[in-house]
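K.L.:
One predicted model, sequence on top.
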Amino acid sequence: MDKTTHFGFQDVATNDKQGLVRGVFDSVASKYDLMNDVLSFGAHRLWKRYTIASSNVKTGDKVLDIAGGTGDLAIEFRKKVGTSGQVVLSDINAAMLGEGRKNLINKGVFGVEFIQLNAQKIPFADNTFDCVSIAFGLRNVTDKNQAISEMHRVLKPGGCLLILEFSKTDSELLKKFYDFYSFNVMPKLGGIIADDEESYQYLAESIRKHPDQETLKTMVLDAGFGFCEYHNLSGGIVALHKGIKI
Amino acid sequence: MQHFVLEQALNYLLDQGAADLGALNGKTLHFALEDLALEVNFICTNSRIFVTADTTGASDVDIKLKSSVFLALLQGEELTELLRQDKIIIHGDVKIAQLLVDLLQQIDIDFEEILSKYTGDIIAYQVGKLAKTFKKSQNPLETLKDELTTLLVAPSKSNLFKHKGV
Ligand SMILES: C[S@@+](CC[C@H](N)C(=O)[O-])C[C@H]1O[C@@H](n2cnc3c(N)ncnc32)[C@H](O)[C@@H]1O
């Protein structure tokens, strides 16, 4: 029998997950930015800004943004690294990358490189980047350990990994509100705004399946990072894990 | 979150050319304030400094001291003198420890300027609070040092982190 993995709350054949995730992002690509603003009440911008500020990225650095979608992080990294640096915006999904390209042009941001890649197999040499980031992408990846190992491999010694992802809140009250919101309101809004209730149901489910803060920290350390710490944002609804390759 | 401002301040100093990582590059220094059970690692690597609460990894230099001694250090007390008085315990190269202390002592910078980029979010909110403290203070640099010290020794008491989470 095929090995299985989760796709939201469903068990699916491991080999099928990537295609199913592609279906989700093909479907939401054109409405992605609008939906992000609506569903998170704009908070995703603050979470991303905190990620950039924590990155320690400076002029001349090389940065790889994985699962970069419409390019929010890449735009900010571009400003930080200056003309002597390099920013690569990557995603497995051509439709999302296409939206990213449009978004950057609209915002007058140039000099970012685009590449379609799977986080599990990063087509760059060892020790290439000063910083690798992945925002709200890791939970969609089939083999997360493999992806984190790849991120470790392409980082230079001293390089920094940033994983921004939905996580677990330990506030009971917040959890109740959040559960109600994400399972009852979010998919309905997805249906109304993006005409795609199913994809937003997947989004809510995939968040619950994602490893909690401590588990992800252990995964980062197990991949070979010398240090890893996480910062809870919005009460742990989101966490930023920061790993340093030694 | 607690170490964010310290990390920003140190790297700002390096970026401005006001200090040089030099011999610190490649070293990890473990700082422990015994009386407060507060531990921080300063990872000096790739021409920058990461300040992290993850102290599980190996370090090159271990520095143990009381919070009052740490305050004295930041206020310019000589490391060698404090060592002589057995107020600080250092395992590893004292010269490396001295370099980090030199850096920490230099954090006399305009916080408003470093953080003004991050407007419109919680960080700006915190900076606003700090800026207000600056205005009231006779000597903004002293206020900054106090803030940083509070931040390091008792983050929950710091004006910068009174407001938790983003
Ligand atoms: C929720 S979006 C996040 C986009 C962007 N980083 C942001 O924060 O707005 C998730 C992205 O992960 C991408 N993705 C899913 N699986 C991937 C994989 N295995 N490798 C690279 N990207 C992947 C999707 O195509 C999608 O663009």
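P.N.:
Sure thing, it's come through.
K.L.:
who in chain A is up against the ligand?
P.N.:
Residues of chain A lying close to the ligand (Cβ under 6 Å from any ligand atom) are A:21, A:25, A:36, A:66-70, A:72, A:91-93, A:96, A:118-120, A:135-137, A:140-141. Quick note: C-beta positions are derived from backbone N, CA and C, even for glycine.
K.L.:
Just the buried ones from those residues, in ChimeraX syntax?
P.N.:
Selecting only the buried entries of the residues of chain A next to the ligand in ChimeraX, with 16 or more other Cβ atoms under 10 Å in any protein chain shown as the criterion:
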select /A:21,25,36,66,67,68,69,70,72,91,92,93,96,118,119,120,135,136,137,140,141
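K.L.:
out of the residues of chain A next to the ligand, which are inside helices?
P.N.:
Of those, the ones assigned to helices by DSSP state H are A:21, A:25, A:36, A:72, A:96.
K.L.:
on that earlier part again, which of the residues of chain A next to the ligand fall in strands?
P.N.:
A:66, A:91, A:135 (DSSP state E).
K.L.:
can I get the residues you listed in TSV with pLDDT?
P.N.:
Supplementary listing: these in TSV, determined by pLDDT from 0 to 100:
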residue	pLDDT
A:66	98
A:91	97
A:135	97
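K.L.:
Run through who's touching stretch A:162-172.
P.N.:
Residues outside stretch A:162-172 that contact it (Cβ atoms under 8 Å, 6 or more residues apart in numbering or on different chains) are A:47-48, A:51, A:54-55, A:131-139, A:175, A:178, A:207, A:210, A:212-213, A:216, A:220, A:230, A:232, A:234-243.
K.L.:
Could I have the buried ones of these as ChimeraX selection syntax?
P.N.:
In ChimeraX syntax, the buried subset of these is picked out as below (16+ other Cβ under 10 Å):
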select /A:47,48,51,54,55,131,132,133,134,135,136,137,138,139,178,207,210,213,216,220,230,232,234,235,236,237,238,239,240,241,242,243
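K.L.:
Tell me which two of the ones in helices among the residues of chain A next to the ligand sit farthest apart.
P.N.:
Taking Cβ to Cβ, the two most distant members of these are A:21 and A:72; they sit 19.3 Å apart.
K.L.:
Same list, the ones in helices among the residues of chain A next to the ligand, but as TSV with pLDDT please.
P.N.:
Below are these laid out as TSV (pLDDT from 0 to 100):
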residue	pLDDT
A:21	89
A:25	87
A:36	85
A:72	96
A:96	95
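K.L.:
Which of those residues sits closest to chain B?
P.N.:
Closest to chain B out of these is residue A:72 (14.0 Å), distances taken as Cβ to the nearest Cβ.
K.L.:
nearest spatial neighbour of the closest one, skipping sequence neighbours?
P.N.:
residue A:48 (5.3 Å; Cβ to Cβ, 6 or more residues apart in numbering or on different chains).
K.L.:
Return the residues in contact with that neighbour.
P.N.:
Per Cβ under 8 Å, 6+ apart, neighbours of residue A:48: A:72-73, A:76, A:135, A:164.
K.L.:
ok, the residue of chain A found nearest the ligand - contacts?
P.N.:
When scored by Cβ to the nearest ligand atom, chain A has residue A:69 as its residue closest to the ligand, at 2.6 Å. Neighbouring residues of residue A:69 by Cβ under 8 Å, 6+ apart: A:25, A:32, A:91, A:93, A:96, A:99-100, A:136-137.
K.L.:
What strand or helix carries the residue nearest to residue A:72?
P.N.:
Assigned by DSSP states H and E, residue A:48 belongs to helix A:43-54.
K.L.:
ranges for the strands of chain B?
P.N.:
B:27-33, B:38-45, B:48-52, B:61-65, B:88-91.
K.L.:
For residue A:41, find the nearest of those.
P.N.:
strand B:48-52 (30.2 Å).
K.L.:
Where does pLDDT dip in chain A?
P.N.:
For chain A, applying pLDDT under 70 flags the ranges A:1-2.
K.L.:
ok, longest strand in it?
P.N.:
From DSSP E, the single longest strand across chain A is strand A:155-166.
K.L.:
That one: what's the following helix or strand?
P.N.:
Later in the chain than strand A:155-166, the nearest helix or strand by DSSP H and E is helix A:172-180.
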